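Undergrad: Predicted coordinates and the sequence they were generated for:
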Amino acid sequence: SYAARAGLAQGDVISEINRKPVRSEEDFMKVTSGLKDNSSALVFIHRGQGALYLTVKV
């Protein structure tokens, strides 16, 4: 899937996109609607007991 190719795994929780907080589906839609095609987004995720940043091509 696209998510897997981007580095996301099942159970990951996205908490920021481009340093903007994502706490709900509405936040996610608002933040991602402003992203331009063929750009990259910095995504902060929580995975298990850890957390990491991924750069995801849009």
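TA: Looks like it came in fine.
Undergrad: Strands of the protein, start to end?
TA: 13-17, 20-21, 40-47, 50-57 (DSSP state E).
Undergrad: Give the partner strands of the shortest one in its sheet and their orientations.
TA: Looking at strand 20-21 with DSSP bridges, its partner strands are strand 13-17 (antiparallel).
Undergrad: again with the last one
TA: When pairs are called by DSSP bridges, strand 50-57 turns out to pair with strand 40-47 (antiparallel).
Undergrad: Buried ones in the partner strand, by neighbour count?
TA: 41, 43, 44, 45 (16 or more other CB atoms under 10 Å). Bear in mind the C-beta positions are built from the backbone N, C-alpha and C, glycine included.
Undergrad: looking at it, the second one is touching residue 17, isn't it?
TA: Yes: counting by CB atoms under 8 Å, residue 43 touches residue 17, with 5.5 Å between them.
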